[in-house]
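Q: Could you work out the structure for the sequence below:
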Amino acid sequence: MVIGGSLEDTNLRDAIRRMLEPCRAQAREVILRGMRSGELRNDLLADVAVDVFYSPLFYQLIFQTGPVSPDFVDAVCDAVVAGMRAR
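A: Numbering: from 1, shown residues only. Here you go, the predicted structure:
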């Protein structure tokens with residue numbers, strides 16, 4: 001209901017963005033650090049990479065397709081990092 005409501009309510013959408021931004025900023029910095037150190041590809045768009053990390057978690061939570069367990073989070077991280085790793 002909150003996410004659906006944010007499609008039409010700009011105040012709600014802005015509140016959600018403000019709530020999520022600190023976590024996104026931390027994740028963005030980790031990705032940028034990995035790019036600078038050469039661990040991650042240097043052609044990544046950091047904001048897209050953040051979305052790729054978080055999207056499966058939110059999908060799982062919203063549609064309740066399964067638990068967001070430590071194993072699930074590890075699998076998502078492994079898959080995402082494999083695609084971002086420097087070659």
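
Q: In terms of helices and strands, where is the residue lying closest to residue 66 once chain neighbours are set aside?
A: Closest residue to residue 66 apart from its sequence neighbours, by C-beta to C-beta, 6 or more residues apart in numbering: residue 60 at 6.0 Å. The way it works is simple: take the backbone N, C-alpha and C, and place the C-beta from them, glycine included. Using DSSP states H and E, the element containing residue 60 is helix 46-63.

Q: what is the rounded mean pLDDT of the helix or strand just after that helix?
A: Next along the chain after helix 46-63, taking DSSP H and E as the criterion, comes helix 70-84. Mean per-residue pLDDT for helix 70-84: 94.

Q: from the chain's centre, how far out does helix 70-84 sit?
A: A distance of 11 Å separates the centroid of the chain from that of helix 70-84, by C-alpha atoms, centre = their mean, to the nearest Å.

Q: So what touches that helix?
A: 31, 34, 40, 41, 44, 49, 52, 53, 56, 57, 60, 66 (C-beta atoms under 8 Å, 6 or more residues apart in numbering).

Q: Which helix runs longest in this structure?
A: What stands out as the longest helix in the chain, according to DSSP state H, is helix 10-37.
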